[in-house]
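Undergrad: sequence first, then the predicted structure, then my questions.
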Amino acid sequence: MTFGARGVSVSFDGTTALRDVSVDVPDAAVIAVVGGDGAGKSTLLRTLVRQVAPDSGTVDAPGKADLGYLPASSGSWAALTVAQNLDFAAGAYGLAGAALEQRRTELLAAADLTAASDRLASQLSGGMRRKLGFLMAIVHRPRLVVLDEPSTGVDPVSRIDLWRLISEEAASGTAVVMSTTYLDEAERAGHLVVLDAGEVLVQGSNDDVRASFAGAVTRSVTAGATPVRPEWSWRRGHARHEFWPDGEPPVGSDVVAPDLEDIVIALSLERRLAGVAR
Ligand SMILES: Nc1ncnc2c1ncn2[C@@H]1O[C@H](COP(=O)(O)OP(=O)(O)OP(=O)(O)O)[C@@H](O)[C@H]1O
């Protein structure tokens, strides 16, 4: 089964949030949706969980009983304990008694939250709270899980933990779609959807995205050196990278193999600067 969005457009009061977006989310896959602020990531996810109705296009998603959602906000209740939060979420799907007990024990252990089960959610670290939100989204064993920036604001160690939980969930057959601002995380997802201003810039496997990237990226070695075309360049560490859409940088340039971050930035610049003299 493949869930997803087909030709979906959404606008809010005349502002286009998504334009003709199509994304497939097959069983057992993790699809990472990336893009800058306001790119349309949350709107796409909210459309998949039917919180937003598309103006046009269609959404293929299971019914509520088979759908899990972690919103961009915490996803848990601050005044409840970890165990109470899980029980509350499970109760909404009719999970109770011994089955609930078993599922709670299993999930808390997997997320390393057993010792924290009686702590109020308000007393958890940001990473623990996101893990709890994730557990609440999967407690009823949904077929499609939608996660809105599950790891934003989470420390690097907890991010690894969270990523392990997400991968394990997909490995068990669940279709997972998640938004992230971390491109290293997106690279691990296997399948990327890059959004910019509500449109899909590029999507596919890491290899597809790299293979479809045309143009050249060069690196200026002198920190702070003025690039030839400032609007086509960005900072990477102590250097600046510059994009040449026609693939023909000046002779003698230091051409680099672009990584995913370069590709996403270069494609966004190309879209925005289309028509500007190169
Ligand atoms: N409920 C809403 N009412 C009006 N405009 C909205 C609403 N939700 C989103 N938008 C607009 O739609 C566009 C896409 O927003 P969205 O939140 O989907 O982007 P995003 O990629 O998730 O960004 P961020 O990472 O900053 O949350 C933005 O221009 C935003 O201002």
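TA: Alright, I've got the coordinates.

Undergrad: can you give me the strands in the stretch 151-278 of the chain?
TA: 175-179, 190-196, 199-205, 216-220, 233-236, 239-244, 255-256 (DSSP state E, counting those that start in this stretch).

Undergrad: and the fifth one, which residues are buried?
TA: Translated: strand 233-236. 233, 234, 236 (16 or more other C-beta atoms under 10 Å). C-betas here are computed from N, CA, C, even on glycine.

Undergrad: packing partners of it?
TA: strand 239-244, helix 260-273 (3 or more C-beta pairs under 8 Å, 6 or more residues apart in numbering; DSSP states H and E).

Undergrad: using CSV, write out every CA atom in stretch 110-130.
TA: The C-alpha coordinates for stretch 110-130 follow below in CSV (Å, rounded to 0.1, in the frame of the first residue of the first chain):
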residue,chain,number,x,y,z
ALA,A,110,12.3,0.9,23.6
ALA,A,111,12.5,4.6,24.2
ASP,A,112,14.6,4.3,27.4
LEU,A,113,11.8,6.1,29.3
THR,A,114,10.9,3.3,31.8
ALA,A,115,12.6,5.1,34.7
ALA,A,116,10.8,8.3,33.8
SER,A,117,7.3,6.8,33.6
ASP,A,118,6.1,8.6,36.7
ARG,A,119,7.6,12.0,35.8
LEU,A,120,5.4,14.8,34.6
ALA,A,121,5.9,15.6,31.0
SER,A,122,6.7,19.2,32.0
GLN,A,123,9.7,17.8,33.8
LEU,A,124,11.2,16.0,30.9
SER,A,125,14.1,17.3,28.7
GLY,A,126,13.1,18.4,25.2
GLY,A,127,14.5,15.2,23.7
MET,A,128,12.6,13.0,26.2
ARG,A,129,9.4,14.9,25.5
ARG,A,130,9.7,14.4,21.7
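
Undergrad: now it: mean pLDDT?
TA: Summarised as a single mean, pLDDT over stretch 110-130 is 93.

Undergrad: hmm, who's touching it?
TA: Here stretch 110-130 makes contact (C-beta atoms under 8 Å, 6 or more residues apart in numbering) with 70, 74-83, 85, 104-105, 108, 131-132, 134-135, 150-151, 153-155, 157-159, 161-162, 165, 168.

Undergrad: is there a neighbour count for the closest residue to residue 217 other than its chain neighbours? I'd like the number.
TA: Nearest residue to residue 217, sequence neighbours excluded (C-beta to C-beta, 6 or more residues apart in numbering): residue 258, at 4.3 Å. If you count neighbours by other C-beta atoms under 10 Å, residue 258 ends up with 19.

Undergrad: list the contacts of residue 258.
TA: 210, 213, 217, 241, 266.

Undergrad: try it again at 10 Å.
TA: 210, 213, 215, 216, 217, 218, 241, 243, 264, 265, 266 (C-beta atoms under 10 Å, 6 or more residues apart in numbering).

Undergrad: among these, find me the one that's closest to residue 56.
TA: Distances from residue 56 to the contacts of residue 258, taken as C-beta to C-beta, are shortest for residue 264 (26.7 Å).

Undergrad: quick check, that closest one in contact with residue 32.
TA: No - Residue 264 lies out of contact with residue 32 (C-beta atoms under 10 Å); the separation is 11.4 Å.

Undergrad: got any residues that touch both of the two?
TA: 183, 186, 192, 194.

Undergrad: what is the burial count for the first one?
TA: As a burial measure, the neighbour count of residue 183 was computed by other C-beta under 10 Å and equals 18.

Undergrad: and it, how close does it get to the ligand?
TA: 14 Å (C-beta to the nearest ligand atom, to the nearest Å).
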